[in-house]
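Q: with the input below, show me the fold.
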Amino acid sequence: MTIAVIGAGVAGLAAAWELTRAGADVTVLESERRPGGVVVTERQGGFVAEGGPDGWLDAEPHIPPLAQELGIAGHIVRQAARGSLLWTGSTFERLEEGRAAALLGIEARLEDVKAGFASFAGGMGELTDALAAPLGGRIKMPLGVTGIAQAGGTWRLAVTGGMVVDADAVVLALPVYSAARLLEAAGVSGARDLAEVAYFPSLTVSLAYQESQIGRGLEGTGYVTPPEADGVIRAVTFASHKFPGRAPAGHVLLRAFLAPVEGEPAIVAHQELRGVLALSGEPLWTRTFFWSRGIPRYPRGHAARVAEVRQRLERLPPLAIAGAGVDGTGVSACVKSGREAAQVVLRRTSGS
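A: Numbering: from 1, shown residues only. Now for the predicted structure:
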């Protein structure tokens, strides 16, 4: 029994982990040159910089059990600082708990936000690295899937380079704009409607400084700016305050979330931060991360459309969909989505 997982982001890796634990023969097909999707952690000189999500809501229950299975539960760290600030253009004001998330358009229950965030000591890359490691050579990169078609009661996948992969079952864990195209080609009616999910770009800059360069005290986890504010920075995380171990002693790591900019994002971010935080000198180093399609936002009726597509998939050979584009954004939601998709195909291939 061969099962193909298309996509090696968090959802795809979680699905592959669940499948291999059940003894399935798994092949993961990933179009990029590395697994992990938008989870990117870079470590240098004692700094831990995130290019994607930096953690998960501690109230969400899906990552700790997986970390236990992977042997990295002892690496989980909790939020060290609490509270957020609003930059008015001239001063900081304290925000009520959960208000920063609301200003940034993040949908989360207030009680979950109050419970705080969690991450891994070495960054979120610890999770994807631990998921990918046991798969080894079963992750095929860079191999994108260009088509999917039924072959009797199984699936035949067309892969870049003219290759063909046959599978008894498939977990499709791609961004929904790609998944919808493959599902439509496979004859799944209504699949095109899934592509109505809009993906917004994400631009962040991580900047490292010595503590002595920061002229204004850093309180809480960071600050946000109101939507009508001048400047390009929409929010700043005081990364080395939010979680322990993000910067060596005597240093600070900041992470700025930017609107689209003209010019070099790191230079623009530093210049704006200079005025807000009374910075002196230049950053020790900077790292810019840009995702042209980074954050999915669901249209009205999205959940119902996903449910309809899944119902239609039950009439086809075993195939399940997973990922942030269908089941919720955030690492925890992707872990849940991937593992549940794996259980769907396992149930169908076992005949139960």
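Q: contact partners of stretch 53-67?
A: 14, 17, 38-39, 73, 75-76, 78-79, 108-109, 111-113, 115-120, 123-124, 127, 130, 237, 239, 242-243, 255, 330-333, 335-336, 339 (Cβ atoms under 8 Å, 6 or more residues apart in numbering). Using the backbone N, CA and C atoms, a C-beta is placed for each residue, glycine as well.
Q: look up the closest residue to Arg99, ignoring the ones flanking it.
A: Leaving aside its chain neighbours, Arg99 sits nearest to Ser84 (7.2 Å; criterion: Cβ to Cβ, 6 or more residues apart in numbering).
Q: wait, isn't the one you found in contact with Leu95?
A: Yes - here Ser84 reaches Leu95: they are 4.9 Å apart, a contact under Cβ atoms under 8 Å.
Q: got a PyMOL select line for the buried ones in the contacts of stretch 53-67?
A: Command for PyMOL that selects the buried part of those, burial taken from 16 or more other Cβ atoms under 10 Å:
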select buried, resi 14+17+38+39+75+76+79+113+116+117+118+119+120+123+124+127+130+237+239+242+243+255+330+331+332+333+335+336+339
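Q: which ones among the contacts of stretch 53-67 lie within strands?
A: Using DSSP state E, the subset of the contacts of stretch 53-67 located in strands is Ile76, Arg78, Phe117, Ala118, Ser119, Phe120, Thr237, Arg255.
Q: Throw those residues into a markdown table and include distance to Ser90 and pLDDT, thanks.
A: A markdown table is the format used below for those (distance: Cβ to Cβ, whole Å; pLDDT from 0 to 100):
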| residue | distance to Ser90 | pLDDT |
| --- | --- | --- |
| Ile76 | 39 | 98 |
| Arg78 | 33 | 97 |
| Phe117 | 29 | 94 |
| Ala118 | 34 | 97 |
| Ser119 | 32 | 98 |
| Phe120 | 37 | 98 |
| Thr237 | 21 | 96 |
| Arg255 | 23 | 98 |
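Q: next, the buried residues of the helix ranked longest in the chain.
A: Among the segments of the chain that qualify as a helix by DSSP state H, the longest is helix 331-350. Within helix 331-350, the residues scored as buried using 16+ other Cβ under 10 Å are 331-342, 344-346, 348-349.
Q: pLDDT weak spots in the stretch 51-200 of the chain?
A: Along the stretch 51-200 of the chain, the parts satisfying pLDDT under 70 run over 105.
Q: residue boundaries of the helices in it?
A: 63-70, 99-103, 110-114, 125-132, 176-185, 191-194 (DSSP state H, counting those that start in this stretch).
Q: format those helices as a markdown table; extra columns: distance to Arg312.
A: Below are the helices of the stretch 51-200 of the chain laid out as a markdown table (distance: least, Cβ to Cβ, whole Å):
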| stretch | distance to Arg312 |
| --- | --- |
| helix 63-70 | 29 |
| helix 99-103 | 35 |
| helix 110-114 | 33 |
| helix 125-132 | 29 |
| helix 176-185 | 9 |
| helix 191-194 | 8 |
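Q: residues contacting the nearest residue to Ser240 once chain neighbours are set aside?
A: Spatial nearest neighbour of Ser240, chain neighbours left out: Ala247 (3.7 Å); criterion: Cβ to Cβ, 6+ apart. Going by Cβ under 8 Å, 6+ apart, Ala247 touches Gly46, Phe47, Val48, Ala208, Ala239, Ser240, Leu253.
Q: any idea which element Ala247 lies in?
A: Using DSSP states H and E, no element contains Ala247; it sits outside every helix and strand.
Q: any idea how far Ala269 is from it?
A: Relative to Ala269, Ala247 is positioned 17 Å away (criterion: Cβ to Cβ, to the nearest Å).
Q: follow-up on the earlier one: okay, Ser84 and Leu95: which has more neighbours?
A: Set Ser84 next to Leu95 and count neighbours by other Cβ atoms under 10 Å: Ser84 wins out with 27 against 18.
Q: which residues touch the more buried one?
A: Contacts of Ser84 (Cβ under 8 Å, 6+ apart): Arg94, Leu95, Arg99, Ala100, Gly220, Thr221, Gly222, Tyr223, Val224.
Q: at 6 Å instead, please
A: The contact partners of Ser84, by Cβ atoms under 6 Å, 6 or more residues apart in numbering, come to Leu95, Ala100, Gly220, Thr221.
Q: is Ser292 in a helix, a strand, or coil?
A: Under DSSP: H, G, I helix; E, B strand; the rest coil, the three-state class of Ser292 is strand.
Q: quick check: domain ranges of the protein?
A: Following automatic domain parsing, one gets these domains for the chain: 2-37+127-196+299-350, 47-61+77-123+198-296.
Q: can you redo the ones you listed as CSV with distance to Ala67?
A: Shown next, in CSV, are the domains of the chain (distance: least, Cβ to Cβ, whole Å):
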stretch, distance to Ala67
domain 2-37+127-196+299-350, 7
domain 47-61+77-123+198-296, 8
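Q: buried deepest among those, which one?
A: Stretch with highest mean neighbour count among the domains of the chain: domain 2-37+127-196+299-350 (a mean of 20; mean count of other Cβ atoms under 10 Å).
Q: how close does the residue of the chain positioned farthest from its centre sit to Thr2?
A: Distance from the centre of the chain peaks at Gly152, with 35.3 Å (Cα atoms, centre = their mean). For Gly152, the distance to Thr2 (Cβ to Cβ) stands at 14 Å.
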